[in-house]
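# predicted structure and sequence below. I'll ask about it afterward.
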Amino acid sequence: MKRAGLLTSSAMLLIVASLTGLGPKATAVTNSGPSGTHMALNCEYSTLCTEVANSSEAFGPEYVGHDEPSTVFYSNKPGAGNHVQYDVVLPRDPSPRNPNAPGKAFQFELNGALWFGMALCDTQSYPEQVSTCKPDSDRNIVDPAVSPNHPGTAFTELQFYPPGWIPWPTWAVAVGASGCDPTKWCAALNIFGLSEDPVNGTLQNPTCAARVGIEYVNFAFVTKNGVSQAPANPIDSTLATFTPDPSKDLFMNSGDHLRVTQRDTPNGLQVVINDRTTGRSGSMTASPANGFAQIKYDPTGTSCTALPYAFHPMYSTSSEQTRVIWAAHTYNVAFSDEIGHFDTCNGPNAIPTSRFGLDSGGNPITCPAGNSELTGPTDGDDDFCFPGSQALRYHVNGCTDTNAGFDGLDYQPVWPDGNTALHPEPFKFSSPRTGPDFNVDYSRLAFEADLPRIEATCNRTTGAGCTLIPTTDKGTPAAFYPFFSAFRAHKNQPCLFAFGNHLPGSTTDFGRNAQYGSLLSTTYLTFGGGGATDNRINNFRQILRNPCRGDHD
């Protein structure tokens, strides 16, 4: 979350234009900007990105955090870290009629993105100590407490975006607005690297950091023919990279049953989505041919160079040791929901329309004074706001920055609970499977919440003030915090996980909020410490026997 008060307007701009090489404030893309205009996601503020372990090292005091309750899957079977398949059911929303009815909620308000993750090799990424990384190998397991010489690591998220609100490419700038279509879902392959050397205490040079960020993103929508519609890497990416194209990209219906695969290939990690309801499919491979690239680490120079690169999975297995050592979470193979980035803005004063949530001067559009958010008067985190008139289907006014006060819709009991007249259905997913025929189970799982990382009340050294129910900006516990459950929709159907509230027919809620377990202290390299380490409390975690095993077609 934002840790040092309100952000300056110049810091809030998230896009960069290739023609100027200037700082973000001077390079805003206008509504009429051509599709070839350079654009890159800036992880200092974008909610799309992987949460770093200690943001002040990479970003300084101004930063937008990520509330990411997660399910992490463990298996010591070879291939479990690089050859994975899930079954998914995309949720339906309530009727768009009366969208502002009290207690009503939609997927876009609750989920900025839902994703399946995996650790990858990236020899130009943190910790910048060795120049090689053998793909699909547990030789890459290096405990920072033993040695800083861990191969460079990236993290991939296959992200799913719900339909119906402000359309892409808005989210290339605004913190949490998304939507490819009025009624259909879309997905994108995101790969995050971190240009930081914690041993020597250095970061990417300022010239390159201004263009692509310290944490950088390769982004490509999942397309019907597996070919990216524009370069994926952040040096060559353009407005077209972030603008969905229904003639090229895979769009999916709410209610569709999907089979989702992540697997290594000679050309790089490939994700495949087979829509078993419609018979359509799409894919994306993290290959040089699709414009994927590393960003050359050059801390003392001025270069900003894309190195064409095939991103391959880092590990053979998936366990507590196969983690991305720069990330706040401890995961490798995982599912997560990006929450906490939406608040309402209602009242007598109109929100101006915009393409990116910015005014003509490049400043974030805020909820007008005199209006109110969900629980009271508008406050400092109500920015990047849009009027409901701009929405594709669900005409709701909203602001999309981090809900630092834990008082927005995500922290209210409006999550999936069986009341489909007011609340959406849950995103449902199976336990992953591995093995040559995807019929080998993961034996264990963990529920993990990075609340200690983002709660301003939490002392990440001692654990004091770290709570399973986050504290609002009014000093009281949030009204609600979502949790995972497992259930069978019908007697002969496989066990599925769901996320939200208690659901009719669920076999277990895993203790609801208690499922996230106890405080977890994790070892990280100390920035500028010459290889020294320190322990930080970034998560709650509980490890369990996987209850959804043996459910194969």
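Noted; the coordinates are in hand. Numbering: from 1, shown residues only.
# residues of whatever helix or strand Thr522 lives in that come out buried?
Using DSSP states H and E, Thr522 sits within strand 518-525. The neighbour-count criterion (16 or more other C-beta atoms under 10 Å) identifies 519-520, 522, 524-525 as the buried residues of strand 518-525. Where you see a C-beta, it was placed from the backbone N, CA and C, and this is true even at glycine.
# can you count the residues close to Ile543?
Using other C-beta atoms under 10 Å, Ile543 has 13 neighbouring residues.
# so what's it bridging to?
Ala446 (DSSP bridges).
# I figured it hits Ala446, correct?
Yes - with contact defined as C-beta atoms under 8 Å, Ile543 reaches Ala446; the gap is 4.6 Å.
# separation between Tyr516 and Pro69?
Using C-beta to C-beta, to the nearest Å, we find Tyr516 at a distance of 7 Å from Pro69.
# thinking again about what came up before, overlap of the contact sets of Ile543 and Ala446?
Common contacts of Ile543 and Ala446 (C-beta atoms under 8 Å, 6 or more residues apart in numbering): 74, 320, 517.
# the residue lying closest to the last one once chain neighbours are set aside and Asn513, how far apart?
Read it as Gly517. Computed as C-beta to C-beta, 6 or more residues apart in numbering, the closest residue to Gly517 that is not its neighbour in sequence is Gln542, at 2.7 Å. As for Gln542, its distance to Asn513 is 11 Å (criterion: C-beta to C-beta).
# just how off-centre is the lengthiest helix in the chain within its chain?
Secondary structure of the chain per DSSP state H: the longest helix is helix 206-212. Remark: helix 206-212 is offset 22 Å from the chain centroid, using C-alpha atoms, centre = their mean, to the nearest Å.
# which of the residues in it are buried?
Buried residues in helix 206-212 (16+ other C-beta under 10 Å): 208-212.
# immediately after it, which helix or strand?
strand 215-221.
# what residue ranges in the stretch 101-250 of the chain score low on pLDDT?
Applying pLDDT under 70 to the stretch 101-250 of the chain flags residues 172, 175.
# contacting residues around Gly152?
By C-beta under 8 Å, 6+ apart, the neighbours of Gly152 are 121-128, 130, 133, 193.
# ok, so of those residues, who is nearest Ala310?
Ranked by distance to Ala310 (C-beta to C-beta), these are led by Cys121 at 9.3 Å.
# separation between that closest one and Gly357?
Taken as C-beta to C-beta, the span from Cys121 to Gly357 is 35 Å.
# repeat for Gly388
Gly388 is 14 Å from Gly357, by C-beta to C-beta.
# excluding chain neighbours, what is closest to the residue of the chain most remote from its centre?
Distance from the centre of the chain peaks at Pro348, with 33.7 Å (C-alpha atoms, centre = their mean). Spatial nearest neighbour of Pro348, chain neighbours left out: Gly370 (6.2 Å); criterion: C-beta to C-beta, 6+ apart.
# for Ser518, same thing?
Per C-beta to C-beta, 6+ apart, closest to Ser518 is Phe540, 6.4 Å.
# got the contact list for Asn200?
If you count contacts by C-beta under 8 Å, 6+ apart, then Asn200 has 528, 530 around it.
# those strands in the stretch 201-350 of the chain, which residues are they?
Using DSSP state E, counting those that start in this stretch, the strands of the stretch 201-350 of the chain run over residues 202-203, 215-221, 252-253, 257-265, 268-275, 281-285, 293-295, 306-308, 334-338, 343-344.
# how about the fourth one: buried residues?
Right, strand 257-265. Buried, per 16+ other C-beta under 10 Å, within strand 257-265: 258-264.
# so what touches that strand?
With C-beta under 8 Å, 6+ apart, strand 257-265 has contacts from 82-90, 116, 118, 135-136, 156, 158, 252, 269-277, 285, 312-313, 438.
# ok, that strand: who's next to it in the sheet?
Checking strand 257-265 against DSSP bridges gives partners strand 83-89 (antiparallel), strand 268-275 (antiparallel).
# ok so, going back, in whichever strand or helix holds the residue nearest to Ser518, what counts as buried?
Using DSSP H and E, Phe540 maps to strand 533-545. Across strand 533-545, burial judged by 16+ other C-beta under 10 Å covers 533-534, 536-542.
# using TSV, lay out these together with pLDDT.
Listed next are the buried residues of strand 533-545 as TSV, based on pLDDT from 0 to 100:
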residue	pLDDT
Thr533	97
Asp534	96
Arg536	96
Ile537	97
Asn538	95
Asn539	97
Phe540	98
Arg541	98
Gln542	98
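# out of those, which comes closest to Pro99?
Phe540 (33.7 Å).
# pLDDT value on the nearest residue to Tyr481 once chain neighbours are set aside, please?
Nearest non-adjacent residue to Tyr481, counting by C-beta to C-beta, 6+ apart: Ile469, 5.3 Å away. As summarised for this prediction, Ile469 has a pLDDT of 96.
# need the contact list for Ile469.
Applying C-beta under 8 Å, 6+ apart, the residues near Ile469 are 477-478, 481, 513.
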